[in-house]
Every structure is written in C-alpha cells, then in structure tokens.
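K.L.:
need a structure here:
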Amino acid sequence: MRKIEQRVRFCKLILLVFILGIIVFLVRYKKDSGKWYTQPFNKNLYSGSGELLTGTLTDRYGTILSGVDDGYRYYSGLPLVRTATLHTVGDRNNKIGTGALTNLRDYLVPYNSRKGASAISDRGNEVRLSIAADACVTAYTALDGKAGCIGVYNYKTGEILCLVSAPSYDPNNVPEDIETNEAYDGIYVNRFFHSVYAPGSVFKTLTLQAALEMIPDAASRTYVCEGSVKVGDNTVTCPQKHGKLTLSDAYAVSCNCVFSQLAVEIGGDKMTEYVRKAGLTSSYKIHGISTAKGSFELASSTVNRLGWGGVGLYHDLVNPCSLMIYYGAIANGGKAALPTYLYEVIDQKDRRLDIPETQFTSELVSPDTAASLRIYMKNNMAKSYDSTRFPNVPIGAKSGTVEQQTGKSNSWFAGFIDSEEYPYAFVVFVEHGGSGSRVAGDIAAKVLNTLIAVP
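P.N.:
Residues are numbered from 1 along each chain as shown. A predicted model of the protein is given here:
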C-alpha cells in the first residue's frame, strides 16, 4: 500500500512539474516568441548570406535607407547616404553589430504572438530611425576622410538625430582590400558606441563641476597661470602663459595649471566619485548595444598624475556616447534621456505600433550645479570659440585637443543647445584632426546647422 501511495505522490509531482513547465513555456512564448521567430536560423526570413529579407528602414523624414525588392535587400540610391549611415543601418554580412537590421529586426518583421507570422512580404514593417540622413551625410563629409565619430541627440526625448562613425564604406561597393588596408582598421567598429579615447579638456567640465561643489570659494578666487606649475613631484604645463584668471576665464581658455591644481585640492577619491556619478565609467544599453566603459585612474594616482587626470590626460579614457549623455544631463537640469535610434514603427496596414517609452538616467549632476555649468559653457562660446559658425541658438560647449606621439592631435568638441525648440546635445571626435575648437568645432557647426535647417 505504501508503495502505491509513494508512486501516486511521485506521479502527482511529475504532473505538477509538467504543468509548471507548460505555464513557463506559455509565458515565455508570449514574451519571446517574436524574438525566436526573427533569429537568423529562420530561413523564411534570411538569405543564404544572412540578409534579412523583409522590412524597410527609413530616416525620421521617410527617406529610404534600406528595403527589400523581389527578395533582395537594397540600400539607398545615394552612395553618400549609404556610407554615412552604414554603422546605424547595418551591413550585408552582419559584421557591424550596431546596425538596425540586426538590433531592430523584431520590429522589422511582422509577427504577432497570437496569430504567428503575418504573410511575409518584401515590405514587412516600416521602421523609421530617428536619424536625419542629410545631417549624417554632412557629418561624414565634414570628417574629410579622417577617422572619428559624431553624435547629436535630443536630451529630452533620447532621439539620436545624427550618428556617424568613420572610416566607413559603401555596402553596394565593398572595397576589395577592406581586410588588409590599414585605412580600414576598425571599419566594423562603431566608434560612437564602442570606442574610448583620452578626453583631454572636455573632461575639465567634470573637474569644474566637482570644484564648484567641493571648494566653497572656487568661483570667487583669482588664479594665476605662469605657463607651468609644480604639481606633486613634477610639472604640469599649459600651451601658453595665461596670467591672472577667474575660474570662468580658466575654463574658457582651458588652463591646465588651474584645473590640475583644482583636481589635487578635490582629491582622487572625490574625483572618482564624481566620474562614477556622471556615468563616464558606466555602460549604457541602447537596443541591446552595450556602450564601452570609460576608465579613470584618479583615486590611486600620484599627486602629479592626479593633476594631469583632472585635465583629462594621463590614463583617462571616455566613450563618446557617454560623454554626450553627460552634457545632455547638464543641459536638462541634471538628468538626460537615454539615447535611442528608433523613431516609430508602421505595420503593413499602416498602423503605428507601440515602441518603448523614453527612459532617463539617474541624476548625473545636481540641478543647481547643472545651471551653473550651463553659464560657464555658454561663456566659452562667447570668449573662446567662433560663435558665428553656429546657428542663432544658445549653445554651450567645451573643446579638447589631445596631443599624440605621432601625427596631429586628436580633436574633441562637445556641448548642447539650451533651447526648448532644439534640445540637442552633441559630441564630435576626430582622430588626428588637430585643434579641437577649429576642426571638431567646425564639424559640429555644420551638423547643427543642417539639423536646424531641416523642416
């Protein structure tokens, strides 16, 4: 009798596990069946070379970037559009991991968990990206063959308006020597999301933030720059002797002497806290893309190295996307929208489908300090940069010029438009570009003028 009871209990246990398994499967089916269906192993959706054979990608204004015709995926009819948007749209062989053809395929494929797959057609769903193709072409052309990246986004909605990484290539005319020519090194890497670089003087914004909060009289002091200063056991130098300076002046002329001493006064541990809070060592998730983490050896540095770290040199490394978000938070009162390049999705019956709502960062900068930083950065435009290049809107910015052992310096220009109509944050990085304010600043001006001119 006991054996029968034990067997009954065992059978009940098996039945319970089976029922739980069915429930788990149904829940996962409801949640993930669309993702299962769109995987590359589904030969109904993909060509033998792995190209998705349904769905249309356009820019925010409806300009077609990639579509399917008679079972063949095509790209824009304009070579510069194809090249400038490649790292956002994606390549034919899925070697570029940040492409929408890969990361937004769940939206491109018409699929419903209740009805299964709709009739697969060339058109599929239409996914509108948030980028403006004209602005991307402007950015890519302005790079003039140099490696680098440009990003512009709306810090209130998260929409990426311009995203360009170079070098790039035309997916309709892949260079024969793409795997061997040094000119194409890192061709499949989206530098905006996946690269880190020494920030140089664009990092002084964070040192300024820390100084305003940690040093009570930092803004009221008079500073003196003699062209060099002893910091710890070595010297920190400036490109020139700046003389007497206010803090605002020191930031506008990007004085290494002043900002290295401020970093030392703040201390390595506190500087590290500010870097972490600003998100510069974080990795953001954007449509499954993990941005590269920055790194800053501030807490463990010697006094002299901490000084150089405070001006964005020594071993400081920052990701362009994370830096853009940080500047977006300054513009937006301390928090910024997380970037997205998904604008809207239209199904085969011309119905707009639901897409994820805008998400925001944690507080990267206190609201009061963000307001002060906006004033300092706008002052930079008035005192140090040729503001006539830029559209007639209130802009705050900081440049960076990072010397290299060989070749020209790397160039940075980053900032924001402080405007309800054009709430844009931007970052430009040019490898071996030269002067940050002139080279990267010129590119930023051209891109922003294009975006604001677009109806």
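K.L.:
can you classify residue 209 as helix, strand or coil?
P.N.:
Secondary structure, DSSP: H, G, I helix; E, B strand; the rest coil: residue 209 is helix.
K.L.:
for whichever strand or helix holds residue 83, packing partners?
P.N.:
Residue 83 is part of helix 79-84 when elements are defined by DSSP states H and E. For helix 79-84, the packing partners by 3 or more Cβ pairs under 8 Å, 6 or more residues apart in numbering; DSSP states H and E come out as helix 133-143. Using the backbone N, CA and C atoms, a C-beta is placed for each residue, glycine as well.
K.L.:
so what does the helix it packs on touch, helix or strand wise?
P.N.:
Looks like helix 133-143 contacts helix 79-84, strand 148-154, strand 160-166, helix 441-453 (3+ Cβ pairs under 8 Å, 6+ apart).
K.L.:
quick one: mean pLDDT over the next helix or strand after the first one.
P.N.:
Toward the C-terminal end, the helix or strand that comes next after helix 79-84 (DSSP H and E) is helix 86-89. Averaged across helix 86-89, pLDDT comes to 97.
K.L.:
which residues touch helix 86-89?
P.N.:
57, 65-66, 75, 96, 98-101, 129, 131, 136, 163-165, 168-171, 190, 192, 341 (Cβ atoms under 8 Å, 6 or more residues apart in numbering).
K.L.:
next: stretch 377-387.
P.N.:
So stretch 377-387 is in contact with 205, 248-249, 251-254, 330, 390, 394-399, 415-416, 418, 437, 441, going by Cβ under 8 Å, 6+ apart.
K.L.:
how about it: buried residues?
P.N.:
If you call a residue buried by 16 or more other Cβ atoms under 10 Å, then stretch 377-387 has these buried ones: 377-378, 380-381, 384-385, 387.
K.L.:
so of those residues, which ones are in helices?
P.N.:
Using DSSP state H, 377-378, 380-381 are the members of the buried residues of stretch 377-387 that sit in helices.
K.L.:
can you give me the helices for the stretch 201-350 of the chain?
P.N.:
With helices called from DSSP state H, counting those that start in this stretch, the stretch 201-350 of the chain shows them at 204-214, 247-252, 256-266, 268-277, 303-310, 320-331.
K.L.:
relative orientation of the last one and helix 204-214 in degrees?
P.N.:
What that stands for is helix 320-331. 40 degrees (axes from the mean of the first three to the mean of the last three Cα atoms, to 10 degrees).
K.L.:
distance from helix 320-331 to the middle of the chain?
P.N.:
From the chain centre to the centre of helix 320-331 is a distance of 9 Å (Cα atoms, centre = their mean, to the nearest Å).
K.L.:
repeat for the fifth one
P.N.:
For helix 303-310, the distance between its averaged C-alpha position and the chain's averaged C-alpha position is 27 Å (Cα atoms, centre = their mean).
K.L.:
who are the packing partners of it?
P.N.:
Packed against helix 303-310, as judged by 3+ Cβ pairs under 8 Å, 6+ apart, are the following elements: strand 228-231, strand 234-237, helix 256-266, helix 268-277.
K.L.:
list the residues that contact the residue nearest the centre of the chain.
P.N.:
In the chain, the centroid-proximal residue (Cα atoms, centre = their mean) is residue 321; its distance is 2.4 Å. Residue 321 is in contact with 151, 192-193, 284, 286, 291, 339, 427, counting by Cβ under 8 Å, 6+ apart.
K.L.:
now swap in residue 156 and tell me
P.N.:
Counted by Cβ under 8 Å, 6+ apart, residue 156 has contacts 332, 337, 423.
K.L.:
so the first one makes contact with residue 155?
P.N.:
The one in question is residue 332. Yes: here residue 332 reaches residue 155: they are 4.7 Å apart, a contact under Cβ atoms under 8 Å.
K.L.:
of the helices of the stretch 201-350 of the chain, which is nearest residue 186?
P.N.:
Between residue 186 and the helices of the stretch 201-350 of the chain, the tightest spacing by Cβ to Cβ is seen for helix 320-331, at 13.8 Å.
K.L.:
buried residues, the closest one. List them.
P.N.:
Those would be 320-331, for helix 320-331 by 16+ other Cβ under 10 Å.
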